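Visitor: Got a predicted structure plus its sequence, pasted below:
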Amino acid sequence: MRRMTAGEIRTLAKGTLRGDEARVVQEVAPLESAGPSALSFIASARYRAYLHATRAGVVLVGPQWAAEVPEASTAVIVDDPHQALQVVLGRMFPSQRPPPGVHPTAEVAGSADVSPEASVGPYAVVGPGARIGASIIAAHVVVGADCEIGDGVTIYPHVTLYGGVIVGDRVVIHSGARIGKDGFGYVWKDGAHRKIPQVGGCVIEEDVEIGTNVTIDRGSIGDTRIGAGTKIDNLVHVGHNVQIGEHALLISQVGISGSTTIGEGAVLAGQSGIGGHLKIGAGARIGAQAGVIGDVPPGETYSGYPARPHRAALRSQASVFKLPQMMERLKRLERAVFGEADRKEPRND
Amino acid sequence: MRRMTAGEIRTLAKGTLRGDEARVVQEVAPLESAGPSALSFIASARYRAYLHATRAGVVLVGPQWAAEVPEASTAVIVDDPHQALQVVLGRMFPSQRPPPGVHPTAEVAGSADVSPEASVGPYAVVGPGARIGASIIAAHVVVGADCEIGDGVTIYPHVTLYGGVIVGDRVVIHSGARIGKDGFGYVWKDGAHRKIPQVGGCVIEEDVEIGTNVTIDRGSIGDTRIGAGTKIDNLVHVGHNVQIGEHALLISQVGISGSTTIGEGAVLAGQSGIGGHLKIGAGARIGAQAGVIGDVPPGETYSGYPARPHRAALRSQASVFKLPQMMERLKRLERAVFGEADRKEPRND
Amino acid sequence: MRRMTAGEIRTLAKGTLRGDEARVVQEVAPLESAGPSALSFIASARYRAYLHATRAGVVLVGPQWAAEVPEASTAVIVDDPHQALQVVLGRMFPSQRPPPGVHPTAEVAGSADVSPEASVGPYAVVGPGARIGASIIAAHVVVGADCEIGDGVTIYPHVTLYGGVIVGDRVVIHSGARIGKDGFGYVWKDGAHRKIPQVGGCVIEEDVEIGTNVTIDRGSIGDTRIGAGTKIDNLVHVGHNVQIGEHALLISQVGISGSTTIGEGAVLAGQSGIGGHLKIGAGARIGAQAGVIGDVPPGETYSGYPARPHRAALRSQASVFKLPQMMERLKRLERAVFGEADRKEPRND
């Protein structure tokens, strides 16, 4: 991390300054816990109470609340504090790239082709025929035979790429992800589940990010494919032959069964599950914990189990909450119509 | 992968051929994306439209659609294209077994007993007293003290076996699986959760397959046991002292709480959860995302939360979808019976 | 494991003995599978039938069932068999700590500060600036730059600590856990999801236990924090900036979205999911598979989706199960009030 002055921050953020431009900050913290050596920011009215009481050394603030920054803090006034923060953070916390080179303990097959600009960490294992561009392969990563890894890729420790996985430029794969396992497909024969050979591939297009401990299976025939720019959170499962479009978001613990297609820009909220052989349209949104058992049209929001259009699901839910009251009204009607004596319930099969 | 001619495929598949028996294929692909050097197949009427337009070099096809294979493709006509495909794939993609021997970087304890036919990969760690048969232990696998691993086993990279785990013949354990952790059991005492010692074992019987990043805990007292032939998909959790029968299927992200018994041949669909100390009968089927809080009789299908017999769950669901309509009918009755003026709702506690 | 005599067990458990005090046991097993060389116990009336038939060498038993222990077994009679068992197990299965020292294959950065009492296993990688107390770092663990690890900590194989993670005394981290990844936060800009820099920290307080393949993300700004004494089961996901109080329990496969606060002593049952920016009060209990989309007051029990107070959720569930019957009653009323001919349904929008 780099120390910065309020003046440097103003310049980076293209803002104006009120207070001490020589004030030095060396960390970033929320308003309520920031001390005099911390940079903080306010980007939502929710936090105004914290602004009045903050002890932050420097505060990034929009013009509407600039007057509310305490005297002891230096205000850097900008149009969009959130975006300004990102610019400043990028400079305060420059990403630390390890130097290029193959660590002496890495086991690289003789037939592998590793760029001289690549960094291959301790105990990494690179299989025969693998090709690695100007990318970072961290400690303990296992790259299977014939994998192809582009440029600008970062693979964190303990990732496993099974054989033949293709990884596009600038992909980030977090620790413990398992890419390219042969999928879960069996036929029952002669008293046992026999594995259906899974000989397809697994393609991760450019700019994808894959979270920790994610599992993505290879195709049985044809490829599993994750579209460019898609972001996958931790502990997500992607089954064999799944096709995910560009710029989709898969939140943590989502599960997608085999051969399903997820459209461009779709958002699957946490713990939702999608059945096999389905089509989720472009831009569709799937609610948290939803269980999808049919196709979802483009742009639609589905939720609940079984997942339905969100409005209908909400209406059913609201009705369910009113059920005890409905039952009372039903009984009252029965008393009025049939009288107390006639209160026999129809058979409930 | 091996190149094959249409003639060789006919012989392997015990079929008949129409077209060029010298045609060479060197990959496998679905009808719609296959090119002239690819083998493809049709096993379901869903894909007939693709058959008419395919550019595949060779197509495995049943007699009923043989006439529809395009002229430019060679047809190999068989009774069961799916089964024929499996036979051919097994020959085109022979499994690549690493040669026997212990990699020089593997750390094998002096008291461990490793078969000369075993293959132990780079950076594998084998603890004291462990016994390993004619099996493949891939790179970065950690085998705890006193584990016993049979013959024909494949353990993929980054698997951890805690101490004393027993693994039967021909078991496959995929990357990142964690077998034999002491389970999640505590008693609250003197202001803290105190761990209940977990001193039972963990037995994986023969022909089991375990997916990537699966977690299976050891028994507290007595063993956790996975029955022969059972297949476990990715990211499944199996709690301490769980007993799973033979040939069960656990789809991805299933969770099974401690001391529960799963009968032979049961199928647990994705993301379903089974409570602790329950009995799921032989051949039972549990729906995706179902939450099981009671025993399930043999052969029954349960779904929903809380899980109930599937038919009843479906009926309730259908009723819920009709609730807004029921409410309208109820209001109409109230108007007719009580009149508008009397429209007071009973209290809803 | 240590062999023990019935007499030694009596002394340890502070009980009285009926039978052969020289009887030797060398394992522990449930009543129904214990043989003559096994210690067993009965702590619940559920298992009385097993008690009558047990072949266990020694049985820990309360005074109320002491008379029912078979003749061939030696009874050690104690007030609380469960607690006595824990004392005896602690002595029979002393934890095996590896000797201190850094394994010659471990890669420890020159600027790292490792206690001479620490044990660092084969192929462990310790980054620059890391500090490690008198703790066990097992094989294949990766400790990022500037991590701080206290005393008495055990980190099992294949754990990844990203940079700057702080781990308190006596913490246990199981195999495959990933701590401190930068969280899942993006803004959409110029046609792509742009990562919001995640520069906060990740603090694991003392006496926490973290299960296998758990994922805990670092804060974006400010820290993610797991409170002292909290226990986390396998495959749990904890998002960025989550604050978990002391002594909470998170059962397997729970997911917690970013910036949520979990109060002291809260219990989150298996597969439950908590949305982002919520407050779960101290001592609250969340049911298995519940989906929490709002704050939960202290001490309350919530269940279902969307999660509501458990009693209300149960009542709604019960009503749903009665819905087909309600529909019959509604139809009967309609027949009585409107007559068959008038049986037109209101529109259902």
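Guide: All right, it came through fine.
Visitor: Show me where chain A has its helices.
Guide: For chain A, the helices defined by DSSP state H cover A:6-13, A:48-53, A:81-92, A:310-321, A:323-338.
Visitor: quick one, which of those is nearest to residue C:252?
Guide: Of all the helices of chain A, helix A:310-321 sits nearest to residue C:252, with 27.0 Å by C-beta to C-beta. All C-beta atoms are positioned from the backbone trio N, CA, C, and that covers glycine.
Visitor: just checking, residue A:273 touches residue A:287?
Guide: No: contact criterion C-beta atoms under 8 Å: residue A:273 and residue A:287 do not qualify, at 11.4 Å.
Visitor: related to what we said a few turns ago, turn the helices of chain A into JSON lines, columns for mean pLDDT.
Guide: JSON lines is the format used below for those (pLDDT from 0 to 100):
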{"stretch": "helix A:6-13", "mean pLDDT": "95"}
{"stretch": "helix A:48-53", "mean pLDDT": "92"}
{"stretch": "helix A:81-92", "mean pLDDT": "88"}
{"stretch": "helix A:310-321", "mean pLDDT": "89"}
{"stretch": "helix A:323-338", "mean pLDDT": "88"}
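Visitor: how about those helices in CSV, adding mean neighbour count and distance to chain B?
Guide: Formatted as CSV, these follow (neighbours: other C-beta atoms under 10 Å in any protein chain shown; distance: least, C-beta to the nearest C-beta, whole Å):
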stretch, mean neighbour count, distance to chain B
helix A:6-13, 20, 41
helix A:48-53, 13, 33
helix A:81-92, 19, 31
helix A:310-321, 16, 4
helix A:323-338, 17, 4
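Visitor: Figure out which of those helices is closest to residue C:30.
Guide: Proximity to residue C:30, assessed across those by C-beta to C-beta, is greatest for helix A:310-321 (42.4 Å).
Visitor: now the angle from the closest one to helix B:310-321?
Guide: Orientation check (axes from the mean of the first three to the mean of the last three C-alpha atoms, to 10 degrees): helix A:310-321 against helix B:310-321 gives 100 degrees.
Visitor: Can you check what angle separates helix A:310-321 from helix A:323-338?
Guide: Going by the same axes, to 10 degrees, helix A:310-321 makes 60 degrees with helix A:323-338.
Visitor: does chain C sit close to helix A:310-321?
Guide: Yes: residues of helix A:310-321 are located near chain C by C-beta under 8 Å from any C-beta of the partner chain, namely A:317, A:320-321.
Visitor: And these, which is closest to residue C:164?
Guide: Of all those, residue A:317 has the smallest distance to residue C:164: 42.6 Å, by C-beta to C-beta.
Visitor: list the contacts for residue A:24?
Guide: A:3-5, A:37, A:57 (C-beta atoms under 8 Å, 6 or more residues apart in numbering or on different chains).
Visitor: May I see the PyMOL selection of the buried members of these?
Guide: Buried residues among the contacts of residue A:24 (16 or more other C-beta atoms under 10 Å in any protein chain shown), as a PyMOL selection:
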select buried, chain A and resi 4+5+37+57
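Visitor: List, out of the contacts of residue A:24, those positioned next to chain C.
Guide: Answer for the contacts of residue A:24 near chain C: none qualify (C-beta under 8 Å from any C-beta).
Visitor: So which of the contacts of residue A:24 sit within strands?
Guide: A:4-5 (DSSP state E).
Visitor: returning to what we had before: and the helices of chain A: which comes nearest residue A:149?
Guide: Checking the helices of chain A against residue A:149 by C-beta to C-beta gives helix A:81-92 as the closest, at 25.0 Å.
Visitor: For the spatially most central residue of chain A, give its distance to residue C:189.
Guide: For chain A, the residue nearest the mean C-alpha position is residue A:233 (3.1 Å; C-alpha atoms, centre = their mean). Distance, residue A:233 to residue C:189, by C-beta to C-beta, to the nearest Å: 19 Å.
Visitor: Now do the end-to-end distance for stretch A:53-65.
Guide: Across stretch A:53-65, the terminal residues are separated by 13 Å (C-alpha to C-alpha, to the nearest Å).
Visitor: Ignore what I typed, I meant stretch A:263-271.
Guide: The first residue of stretch A:263-271 is 18 Å away from its last residue (C-alpha to C-alpha).
Visitor: Likewise for stretch A:188-200?
Guide: The first-to-last residue distance of stretch A:188-200 comes to 21 Å (C-alpha to C-alpha).
Visitor: quick check, it touching chain B?
Guide: Yes: part of stretch A:188-200 sits near chain B under the criterion C-beta under 8 Å from any C-beta, namely A:192-197, A:199-200.
Visitor: so which of those would you say is closest to residue B:169?
Guide: residue A:192 (13.3 Å).
Visitor: Show me the beta-bridge partners of that closest one.
Guide: Residue A:192 has these beta-bridge partners by DSSP bridges: residue A:189.
Visitor: before we move on, back to that, and the helices of chain A: which comes nearest residue C:307?
Guide: It's helix A:310-321; of the helices of chain A, that one is closest to residue C:307 (C-beta to C-beta) at 11.7 Å.
Visitor: hmm, who's touching the closest one?
Guide: By C-beta under 8 Å, 6+ apart, the list of residues contacting helix A:310-321 from outside reads A:285, A:287, A:301-304, A:307-308, A:326, B:320-321, B:323-324, B:326-327, C:306, C:308, C:312, C:316, C:319-320.
Visitor: got a pLDDT number for residue A:345?
Guide: At residue A:345, the model reports a pLDDT of 50.
Visitor: and of the contacts of residue A:24, the nearest to residue C:33?
Guide: Of the contacts of residue A:24, the one sitting nearest to residue C:33 (C-beta to C-beta) turns out to be residue A:37, at 62.5 Å.
Visitor: Show the pLDDT at the closest one.
Guide: Reported pLDDT for residue A:37: 94.
Visitor: correct me, but it touches residue A:28?
Guide: No: using C-beta under 8 Å, residue A:37 is not in contact with residue A:28, being 10.5 Å away.
Visitor: Quick one: closest of the helices of chain A to residue B:237.
Guide: Nearest to residue B:237, of these and by C-beta to C-beta, is helix A:310-321 at 28.0 Å.
Visitor: now residue A:264: how far from chain B?
Guide: As judged by C-beta to the nearest C-beta, to the nearest Å, residue A:264 and chain B stand 19 Å apart.
Visitor: give me every residue that touches that residue.
Guide: The contact partners of residue A:264, by C-beta under 8 Å, 6+ apart, come to A:227, A:245-248, A:282-283.
Visitor: Swap in 7 Å and give it another go.
Guide: If a contact means C-beta atoms under 7 Å, 6 or more residues apart in numbering or on different chains, then residue A:264 has A:227, A:245-248, A:282 as its contacts.
Visitor: Having no further points to raise, I will conclude here.
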